[in-house]
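# Return atomic coordinates for the entry below.
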Amino acid sequence: MKRQEHPFGLTPIIFVLLFYLLTCLACAPTKVRVYPRETPPEKISLPKTTPEGTAQEKTGPLKTPPGGMTSPNKDTVKPSSERPTAEKIPTAEPPLQKTYDETVSEWKSYQDLVKWMENDFSFDKERYEKFSGTLPVPRSPEETFQLKSGIYIDAAMFLKEILNRMNPSYQAQIVILIMRRYGFNHYACSFRKEGKLFIMDYGTPYKEITGVHGPYASLEEYKKFYEKHHPMKGEIEAITYLP
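Residues are numbered from 1 along each chain as shown. Below is the predicted model of the structure:
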């Protein structure tokens with residue numbers, strides 16, 4: 001006897017199973033795996049290097065021993081906080097120059113005046129050449145003191161003023177030597193000490209007659225001295241006191 005086969009056989013059962021499987025898969029929740037987003041690497045900015053820096057990188061960094069800092073020549077360099085500060089040297093301000101009156105009041109004798117003339121006073125060559133053959137207006141004693149220079153007439157007026165101010169017994173006067181042959185006259189200052197005559201002659205280019213001369217008994221003796229020692233030999237026409 002032949003087995004009766006179903007017209008569809010196993011096909012309906014398989015179809016139902018497939019339909020059920022597909023339905024389950026369709027209804028199951030879909031899980032999507034999300035991977036974390038990769039963070040881009042952080043940009044590192046390299047410091048700009050100078051030619052010196054490049055050379056140092058090539059040669060390699062200097063090794064520093066523990067507890068100190070060395071230079072290439074192995075000299076120990078102290079940190080800036082430990083370095084001794086430079087000692088400040090105080091600057092001394094120049095002393096204020098004394099005034100004419102203050103200086104003169106300290107002079108006690110003609111020797112103090114001579115010392116100032118020898119050390120501080122100088123011959124004014126420019127003024128001497130400018131007024132060659134003529135007589136300029138004499139500078140005041142204060143101006144001569146401030147400038148510390150002048151010619152014979154300036155020095156004579158200055159010396160007379162100071163000598164009589166220090167000690168009226170000096171009887172200081174202006175002496176004039178008249179030399180018409182040379183077209184000029186010369187001026188000096190006389191003073192007396194212990195009855196003797198002395199001549200102070202400054203502000204001249206001739207060292208042979210510059211300084212303090214004497215003692216003399218009269219102006220005639222000084223006249224002979226002047227004629228003998230003056231480089232320009234010649235006879236003095238007259239010598240007298242200026243009124």
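# only C-alpha atoms for contact and neighbour calcs from this point on.
Will do.
# can you pull out the helices in the chain?
Assigned helices in the chain, in chain order: 11-27, 51-59, 100-106, 110-119, 125-130, 141-147, 152-166, 219-229 (criterion: DSSP state H).
# Can you tell me which of those is packed in deepest?
Among these, the stretch with the highest mean neighbour count (mean count of other Cα atoms under 10 Å) is helix 152-166, at a mean of 22.
# quick check: longest strand of this structure.
strand 184-193 (DSSP state E).
# Would you mark the buried spots in that one?
Of all the residues in strand 184-193, those buried under the rule 16 or more other Cα atoms under 10 Å are Asn185, His186, Tyr187, Ala188, Cys189, Ser190, Phe191, Arg192.
# possible to save these as TSV with distance to Gln111 and pLDDT?
Shown next, in TSV, are the buried residues of strand 184-193 (distance: Cα to Cα, whole Å; pLDDT from 0 to 100):
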residue	distance to Gln111	pLDDT
Asn185	27	90
His186	23	94
Tyr187	20	97
Ala188	17	98
Cys189	14	99
Ser190	14	98
Phe191	12	98
Arg192	13	98
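# Let's have those in TSV, adding distance to Glu142.
Shown next, in TSV, are those (distance: Cα to Cα, whole Å):
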residue	distance to Glu142
Asn185	24
His186	22
Tyr187	19
Ala188	18
Cys189	17
Ser190	20
Phe191	20
Arg192	24
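# residues contacting Gly211?
Met200, Asp201, Tyr202 (Cα atoms under 8 Å, 6 or more residues apart in numbering).
# hmm, back to that, adding mean pLDDT and distance to Ile236, write the helices of the chain out as TSV.
TSV is the format used below for these (pLDDT from 0 to 100; distance: least, Cα to Cα, whole Å):
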stretch	mean pLDDT	distance to Ile236
helix 11-27	66	152
helix 51-59	46	85
helix 100-106	95	34
helix 110-119	98	26
helix 125-130	96	20
helix 141-147	97	28
helix 152-166	98	17
helix 219-229	95	7
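# closest one to Glu208 among those?
helix 219-229 (6.0 Å; Cα to Cα).
# just to revisit the earlier point, could the contacts of Gly211 go into CSV alongside neighbour count and pLDDT?
CSV is the format used below for these (neighbours: other Cα atoms under 10 Å; pLDDT from 0 to 100):
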residue, neighbour count, pLDDT
Met200, 24, 99
Asp201, 23, 98
Tyr202, 30, 98
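# related to what we said a few turns ago, for Ile178, find the nearest of the helices of the chain.
Nearest to Ile178 among the helices of the chain is helix 219-229; the distance by Cα to Cα comes to 10.5 Å.
# could you give the angle of the closest one to strand 184-193?
130 degrees (axes from the mean of the first three to the mean of the last three Cα atoms, to 10 degrees).
# Can you spell out which helices and strands pack onto helix 219-229?
Here helix 219-229 touches strand 211-216, strand 238-241, going by 3 or more Cα pairs under 8 Å, 6 or more residues apart in numbering; DSSP states H and E.
# closest one to Val114 among those?
Taking Cα to Cα, strand 211-216 is the member of those nearest to Val114, at 7.8 Å.
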